[in-house]
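[1] below is the structure, and that's it, no one-letter string:
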């Protein structure tokens, strides 16, 4: 931290960075590597610091390196953000990086898997050789290429630095500088002519000769162990160890004793199988040229990238490939084909990284009006980590675009939108879930049978997320409509399965009154699959009803009892005990009550009126018996307005057999107070013999027995003046 600035004393002029702690193992010769942050946005950076208090012979080297860092802005070199000089120090701020030696010794961040590590090393060596090629094209010699001057950025890229000895050997002054200060180079990485200080061989050799030897030493250290002392070419050539076979031939070509015979490292990039066969290197080249390709070539590249991106180093995918793909989407050069590699990379990220790197690109894709883009999005909806997308962003920014798929004119988009609701609904608010249910219900009327079927299936799958207050009603209405009105057999089968699978949301009353009447109709469906599913569903629903305990509730007060309570039934003789109702008293009370209603609508004729209306016949005994009953004081009957409606006397002989005792039966009670009737004492009389149907007396009306129903059908009566047959 810049404590002077924190205390208000002031910081380093024109150097807007806070200088942090020294990086362990990051001291590179006379330069000290430190952590740092940019003041404006706290961006992590790496700061190299040189103190001018160091021995004076190292100051020219630091000065040369400081100048070269500011001016050599070439691919493959550590990017310089700011470089300043103070009376006491040189400061260089670069992109955040760590020494390559530390990464190779303990790599758990950039290439934890063997396949990733192989690609990581191949692409790293390719980047360093390419950086040296850019330098050699400008007739410049690096002379200090080793593990100490190669750094790894957060994206996993290898970057070259250590520019203190960068020299143009064609410039005499620069060549003199190199000759003077070459003694500060490590002997371990010096070529034989440089180690022997054969300057004529150095200056007359190709510019790549000295660096080619250093590259060979670097390759050996990367695959084996660091070199501790100068080695002879024969020792390296005969000891391949872990160096890949496809690289070993080119490795030996750079160890030639004669400088002029050493192979140019840049030739390896196009001739060495180790680099040409690397799919990761090939993808890096193509993605850099993405904007120069036409749409067909871009789509082919994205498909190829999606097939292999999971084996690439994660750091490079996250910080290099993914930002370039997102940029391509934002500027229209990506298309739907770019979605698959984006989602595959996103599946390897944590939630915070997913929100940062993937969500912006996905949101941009959902806003596209291209049908092919929407189709690709919906087909890969399960690969999108919807749980990592903030709910507010999903509901406010993505859902308005996604919901348009329900009403799309393209049937495939409508169908895929329905299918996509299964993973989407759990991430939506309750209000939007209700909207989804409405949209699915509408799509059950779609003209495409497959869409109707999928809408029914989806509605059953998201049932647990529907609002509890309206869940059962929504499901039963939707599924019943399909069963009754859809002529597509797969849709009906789906509705039966959905009803069966959502049985937990229905109670016994709803099952018996609303569901079973609809389901059983499918038992005779024309499609076998529908019949089978209907039978299974019926069994399941019946089993649930059978297992549901239903309590027997006491019936509500009967109308006669209520009327009696209202009219003051207590006016009867309070001293008489109340009769105990029989088992059928409830029914008899309803019958008595119904009779009272009928009596109010129209009174029945009295017995005297019926007797006067009946003509005298040979059955005088019948009429006499009737008159005897009516005139007897012990059998006095109430008038029509007072009599109980159901206790209607029949036209019978002297006895009253078959009618029962109206006083002892509750069914003869009346809701209105009735006069007390003294029952006629029974007299034992011989049972009359009924005439046979074929006899002369068969013309007489048959006796009507039963529970007081004789009054409903009056026997055949002869009108006055009509002769007997």
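    Arrived safely. Just so it is clear, the model here is predicted, and its values are computed rather than measured.
[2] where are the low-confidence patches of the stretch 1-150 of the chain?
    Low-confidence segments of the stretch 1-150 of the chain, defined by pLDDT under 70: 1-11, 26-28, 107-109, 111-112, 114.
[3] can we see that at 80?
    Scanning the stretch 1-150 of the chain for pLDDT under 80 picks out the ranges 1-11, 24-29, 54-57, 106-115.
[4] quick check: pLDDT value at residue 335.
    For residue 335, the pLDDT comes out at 70.
[5] phi and psi next, for it.
    Torsion angles at residue 335 (phi, psi; degrees, to the nearest 10) stand at phi 80, psi -180.
[6] check residue 43 too.
    Torsion angles at residue 43 (phi, psi; degrees, to the nearest 10) stand at phi -70, psi 130.
[7] pull the contacting residues for it.
    residue 37 (Cβ atoms under 8 Å, 6 or more residues apart in numbering). All C-beta spots, glycine's among them, are computed from the backbone N, C-alpha and C.
[8] now do residue 279
    119, 308.
[9] show the pLDDT at it.
    Predicted confidence (pLDDT) for residue 279: 91.
[10] could you measure from it over to residue 463?
    Plainly put, residue 279 is 46 Å away from residue 463 if you go by Cβ to Cβ, to the nearest Å.
[11] just residue 498 next, same as before
    Using Cβ to Cβ, residue 498 is found at 8 Å from residue 463.
[12] for the stretch 301-450 of the chain, what spans make up the strands?
    When assigned using DSSP state E, counting those that start in this stretch, the stretch 301-450 of the chain turns out to have no strands.
[13] sorry, wrong one. I was asking about the stretch 101-250 of the chain.
    Using DSSP E, counting those that start in this stretch, strands in the stretch 101-250 of the chain cover 150-153, 158-160.
[14] off-centre distance for the first one?
    By that I understand strand 150-153. Centroid separation for strand 150-153 versus its chain: 41 Å, with Cα atoms, centre = their mean, to the nearest Å.
[15] what is that strand packed up against?
    Strand 150-153 is packed against strand 97-99, helix 100-105, helix 114-137, strand 158-160, with contacts defined by 3 or more Cβ pairs under 8 Å, 6 or more residues apart in numbering; DSSP states H and E.
[16] one more pass at 7 Å, please.
    Contact here means 3 or more Cβ pairs under 7 Å, 6 or more residues apart in numbering; DSSP states H and E; on that basis strand 150-153 packs against strand 97-99, helix 100-105, strand 158-160.
[17] most tightly surrounded among these?
    strand 158-160 (a mean of 23; mean count of other Cβ atoms under 10 Å).
[18] identify the residues contacting that strand?
    76-78, 97, 100, 124, 127-128, 131, 145, 149-153 (Cβ atoms under 7 Å, 6 or more residues apart in numbering).
[19] try it again at 10 Å.
    Residues lying outside strand 158-160 but in contact with it, judged by Cβ atoms under 10 Å, 6 or more residues apart in numbering, are 72, 74-79, 94-95, 97, 100, 103, 120-121, 123-132, 134-135, 142, 144-145, 149-153.
[20] give me the nearest residue to residue 51, chain neighbours excluded.
    Counting by Cβ to Cβ, 6 or more residues apart in numbering, residue 51 lies nearest to residue 89, which is 5.7 Å off, once chain neighbours are set aside.
[21] for residue 98, same thing?
    Nearest one to residue 98, counting by Cβ to Cβ, 6+ apart, is residue 152 at 5.5 Å.
[22] quick check: that neighbour touching residue 104?
    Yes: Residue 152 lies in contact with residue 104 (Cβ atoms under 10 Å); the separation is 9.2 Å.
[23] so what sits against both of those two?
    Common neighbours of residue 152 and residue 104, counting by Cβ under 10 Å, 6+ apart, are 110, 120, 124.
[24] what number of residues lie near the first one?
    As a burial measure, the neighbour count of residue 110 was computed by other Cβ atoms under 10 Å and equals 22.
[25] do the last one as well
    Look at residue 124: counted by other Cβ under 10 Å, it has 24 neighbours.
[26] how near is the nearest residue to it once chain neighbours are set aside to residue 338?
    In space, residue 124 comes closest to residue 158 once its chain neighbours are excluded; the distance is 3.7 Å by Cβ to Cβ, 6+ apart. As for residue 158, its distance to residue 338 is 27 Å (criterion: Cβ to Cβ).
[27] please apply the same query to residue 272.
    Distance, residue 272 to residue 338, by Cβ to Cβ: 31 Å.
[28] got the end-to-end distance for stretch 324-340?
    For stretch 324-340, the first and last residues are 14 Å from each other (Cα to Cα, to the nearest Å).
[29] now do the buried residues in that stretch.
    Across stretch 324-340, burial judged by 16 or more other Cβ atoms under 10 Å covers 325-326, 328-329, 333-340.
[30] how about stretch 463-478?
    Taking 16+ other Cβ under 10 Å as the criterion, stretch 463-478 shows 463, 465-466, 471-472, 474-476, 478 as buried.
[31] repeat that for stretch 195-214.
    Buried residues in stretch 195-214 (16+ other Cβ under 10 Å): 201-203, 205, 207-214.
[32] again, but for stretch 371-383
    With burial defined by 16+ other Cβ under 10 Å, the residues of stretch 371-383 counted as buried are 373-381.
[33] of those, closest to residue 388?
    Nearest to residue 388 among the buried residues of stretch 371-383 is residue 381, at 13.8 Å by Cβ to Cβ.
[34] now do the contacts for that closest one.
    343, 402, 416-417, 419-424.
[35] need the residues you listed in JSON lines with distance to residue 433 and pLDDT, can you?
    Formatted as JSON lines, the contacts of residue 381 follow (distance: Cβ to Cβ, whole Å; pLDDT from 0 to 100):
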{"residue": "343", "distance to residue 433": "25", "pLDDT": "87"}
{"residue": "402", "distance to residue 433": "14", "pLDDT": "93"}
{"residue": "416", "distance to residue 433": "19", "pLDDT": "95"}
{"residue": "417", "distance to residue 433": "15", "pLDDT": "96"}
{"residue": "419", "distance to residue 433": "16", "pLDDT": "95"}
{"residue": "420", "distance to residue 433": "14", "pLDDT": "95"}
{"residue": "421", "distance to residue 433": "9", "pLDDT": "95"}
{"residue": "422", "distance to residue 433": "12", "pLDDT": "95"}
{"residue": "423", "distance to residue 433": "13", "pLDDT": "94"}
{"residue": "424", "distance to residue 433": "10", "pLDDT": "94"}
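[36] filter these down to the buried ones and hand me the ChimeraX line.
    Selection of buried members from the contacts of residue 381 for ChimeraX, criterion 16+ other Cβ under 10 Å:
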select :343,402,416,417,419,420,421,422,424
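[37] out of the contacts of residue 381, which sit inside helices?
    343, 402, 416-417, 419-424 (DSSP state H).
[38] state the distance from residue 519 to residue 53.
    Counting by Cβ to Cβ, the gap from residue 519 to residue 53 is 93 Å.
[39] neighbour count winner among those two?
    More neighbours surround residue 519 than the other of residue 519 and residue 53, with 24 against 9 (other Cβ under 10 Å).
[40] farthest pair in the buried residues of stretch 324-340?
    The largest separation in these, counting by Cβ to Cβ, is between 333 and 340 at 16.0 Å.
[41] quick check: closest non-adjacent residue to residue 412.
    residue 375 (6.2 Å).
[42] I'd say that neighbour and residue 410 touch.
    Yes: the pair residue 375 / residue 410 is scored as a contact, 8.0 Å apart, by Cβ under 10 Å.
[43] now do the shared contacts for those two.
    Here residue 375 and residue 410 share the contacting residues residue 416, scored by Cβ under 10 Å, 6+ apart.
[44] pull up the distance across stretch 381-401, start to finish.
    Span of stretch 381-401 from end to end, Cα to Cα: 14 Å.
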